[in-house]
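Asks: Okay, predicted coordinates and the sequence, questions at the end:
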Amino acid sequence: MSTQTIVLVTGANSGIGYATAKVIASASPDYHVLIGSRNPESGKKAVAELQATGEIRGTLTDVQIDVTDQASVDALANFIEEKFGRLDVLINNAGIAPTDGDLRSIIDRTFQTNVTGPIVLTEALKPLLFKSKKGPYSIYVTSGLGSLTMAESGKVYAAPYAVYSASKSALNMLMIYEAKEMGKKGLKSFVVSPGLVRSNLRGKSEEAVNAGGAAGDPMVSGQTILGVVEGKRDADVGKFVHKDGVYPW
């Protein structure tokens, strides 16, 4: 079995997930990063693009994962078990923020992908995480929009993304319970806010990706997550972290 640190990043074919995978795989030859993608071809393309940069020091494998599909979740768990025998770091990044369609559909789709999916995936991979000899990490990519405190004060407020914001609040709550229960067994859980960065979460047009010019560099988000993986944020385990500190719930 590989002695590398085995890291799974979901939604790693683009945006924050892609940047995070690149940062981690470029940091050290000790990392083997699983590039999780719903579409297998997108995952293969992402791996090829990352390899072509010449910056990758670790190793990469593309894996198919649709967090809303139990068969896909089970297949990935079986693959990791057979190939590596363990998982050291799980980064639940895959997420959506739809605003089209009827309200019930928006709520159902958003919560299936942003809440149910990540939690179910983590549950399926817990046996592999607890086989880690390095102190496993469970990291959920959340959003500052999920802070009830900051929303109530008006510090963060985006009416078109009310459902998305609520899904991240729910994810935060589930992480709190995970941290309290699984922390007793050695699992280090975090929710990490990447900040407003370039991403196709808001749409595929350049204006949407760039948030009208307000979006930052997702590589900065990747560096924040790398810091968690490297243990530099262990003092904040179980908290709502961002690059400059900790957000209130």
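Replies: Noted; the coordinates are in hand.

Asks: How about residues contacting the helix ranked longest in the chain?
Replies: Among the segments of the chain that qualify as a helix by DSSP state H, the longest is helix 162-182. Residues lying outside helix 162-182 but in contact with it, judged by CB atoms under 8 Å, 6 or more residues apart in numbering, are 95-97, 103, 106-107, 110-111, 114-115, 118-119, 122, 126, 138, 140, 142-143, 145-148, 151, 158, 187-191, 237-238, 240, 249. (Each C-beta comes from the backbone N, C-alpha and C, glycine too.)

Asks: Now do it: distance to the chain's middle.
Replies: For helix 162-182, the separation from the chain centroid amounts to 13 Å (computed by CA atoms, centre = their mean, to the nearest Å).

Asks: thinking again about what came up before, so which of the contacts of helix 162-182 are in strands?
Replies: Judged by DSSP state E, the contacts of helix 162-182 include 138, 140, 188-191, 240 as members of strands.

Asks: got a winner among the residues you listed for most neighbours?
Replies: Comparing the ones in strands among the contacts of helix 162-182 by number of neighbours (other CB atoms under 10 Å), residue 191 comes first, having 28 neighbours.

Asks: Number of residues surrounding residue 105?
Replies: Neighbours of residue 105 under the rule other CB under 10 Å: 11.

Asks: Kindly report the same for the one 3 residues further on.
Replies: Number of residues near residue 108 (other CB under 10 Å) recorded here: 15.

Asks: pLDDT wise, what is it at?
Replies: For residue 108, the model assigns a pLDDT of 98.

Asks: how far does stretch 102-111 sit from the chain's center?
Replies: So, by CA atoms, centre = their mean, the centroid of stretch 102-111 is 21 Å from its chain's centroid.

Asks: And it, what's buried?
Replies: By neighbour count, with 16 or more other CB atoms under 10 Å as the criterion, the buried positions of stretch 102-111 are 106-107, 109-111.

Asks: And for stretch 140-152?
Replies: By neighbour count, with 16+ other CB under 10 Å as the criterion, the buried positions of stretch 140-152 are 140-147, 150-151.

Asks: which residues in this structure form helices?
Replies: 15-27, 40-52, 70-83, 103-111, 117-129, 148-153, 162-182, 206-209, 218-229.

Asks: and among those, the most buried is which?
Replies: Among the helices of the chain, the stretch with the highest mean neighbour count (mean count of other CB atoms under 10 Å) is helix 15-27, at a mean of 25.

Asks: ok, and the closest non-adjacent residue to residue 190?
Replies: residue 139 (5.1 Å; CB to CB, 6 or more residues apart in numbering).

Asks: was I right about the one you found contacting residue 91?
Replies: Yes - Residue 139 is within contact range of residue 91, at 4.7 Å (criterion: CB atoms under 8 Å).

Asks: what residue is smack in the middle of the protein?
Replies: Nearest to the geometric centre of the chain sits residue 93, at 2.1 Å (CA atoms, centre = their mean).

Asks: In contact with that one, which residues?
Replies: Contacts for residue 93 were tallied using CB under 8 Å, 6+ apart; they are 9-12, 16-17, 20, 141.

Asks: make it 6 Å
Replies: With contacts defined as CB atoms under 6 Å, 6 or more residues apart in numbering, the neighbours of residue 93 are 9-11, 16-17, 141.

Asks: Can you tell me how far it is from residue 165?
Replies: Counting by CB to CB, to the nearest Å, the separation of residue 93 from residue 165 is 17 Å.

Asks: now swap in residue 226 and tell me
Replies: According to CB to CB, residue 226 and residue 165 sit 26 Å apart.

Asks: just to revisit the earlier point, contact partners for the residue nearest to residue 190?
Replies: Under the criterion of CB under 6 Å, 6+ apart, the neighbours of residue 139 are 91, 190, 192, 228.

Asks: distance of the second one from residue 222?
Replies: When you say that, I think you mean residue 190. Taking CB to CB as the measure, residue 190 falls 15 Å from residue 222.

Asks: got it, and the last one?
Replies: Remark: distance between residue 228 and residue 222 (CB to CB) = 11 Å.
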